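K.L.:
Starting from these lines, generate the structure:
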Amino acid sequence: MSLLPAYITPEELAEHLQVSERTIRQIARKLSACSEIGKKMILTEDDIQQIMESTRPCHLKSKGEAKSGTTQGQFPVGDYEDLRARLKKPKHKGSRQKSRPERGIVVSMDQELV
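P.N.:
The predicted model follows:
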């Protein structure tokens, strides 16, 4: 009976899975599925299972059926013609441009011209 659990390094796992070590480290840290001692990271069998589970594609059955949920607000009241009329309303043109102040007379400061 060994006191130390079996472990693997991210480098070894990355080589086995043929992905980058950086990817393994990022996933492991995101899931907290690793042990770090100083700058060394080790992965136990449970950590590897957790990493592998997180990378599985989602297998939800999508049959185009509406799932239960809520909408952000109520749908507009009325029929198609009401909707078209509402959409054809003129849009707000924004704020008016401010008139520019009149410019003053430019006086030369050159002494030779005076």
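K.L.:
Which parts of the chain are strands?
P.N.:
Under the criterion DSSP state E, strands of the chain are mapped to 7-8, 35-37, 40-44.
K.L.:
Format those as JSON lines; extra columns: distance to Met109, mean neighbour count and mean pLDDT.
P.N.:
All C-beta atoms are positioned from the backbone trio N, CA, C, and that covers glycine. Listed next are these as JSON lines, based on distance: least, C-beta to C-beta, whole Å; neighbours: other C-beta atoms under 10 Å; pLDDT from 0 to 100:
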{"stretch": "strand 7-8", "distance to Met109": "80", "mean neighbour count": "16", "mean pLDDT": "90"}
{"stretch": "strand 35-37", "distance to Met109": "71", "mean neighbour count": "11", "mean pLDDT": "91"}
{"stretch": "strand 40-44", "distance to Met109": "71", "mean neighbour count": "16", "mean pLDDT": "93"}
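K.L.:
Let me see the confidence value for His92.
P.N.:
pLDDT for His92: 68.
K.L.:
next one: the helix or strand of the chain with the lowest mean pLDDT to chain centre, how far?
P.N.:
The helix or strand of the chain with the lowest confidence, counting by mean pLDDT, DSSP states H and E, is helix 80-87 at a mean of 82. Taking C-alpha atoms, centre = their mean, to the nearest Å, one finds helix 80-87 lying 35 Å from the centre of the chain it belongs to.
K.L.:
what does stretch 34-46 give?
P.N.:
Distance, centroid of stretch 34-46 to centroid of chain: 28 Å (C-alpha atoms, centre = their mean).
K.L.:
thinking Leu13 is in contact with Ile48, fair?
P.N.:
Yes: using C-beta atoms under 8 Å, Leu13 is in contact with Ile48, at 6.7 Å.
K.L.:
residues in contact with stretch 6-19?
P.N.:
20-21, 23-25, 28, 34-35, 40-45, 48, 51 (C-beta atoms under 8 Å, 6 or more residues apart in numbering).
K.L.:
now Ser35, nearest residue through space, not along the chain?
P.N.:
Spatially, and ignoring its direct neighbours in sequence, Ser35 is nearest to Ile42 (5.1 Å; C-beta to C-beta, 6 or more residues apart in numbering).
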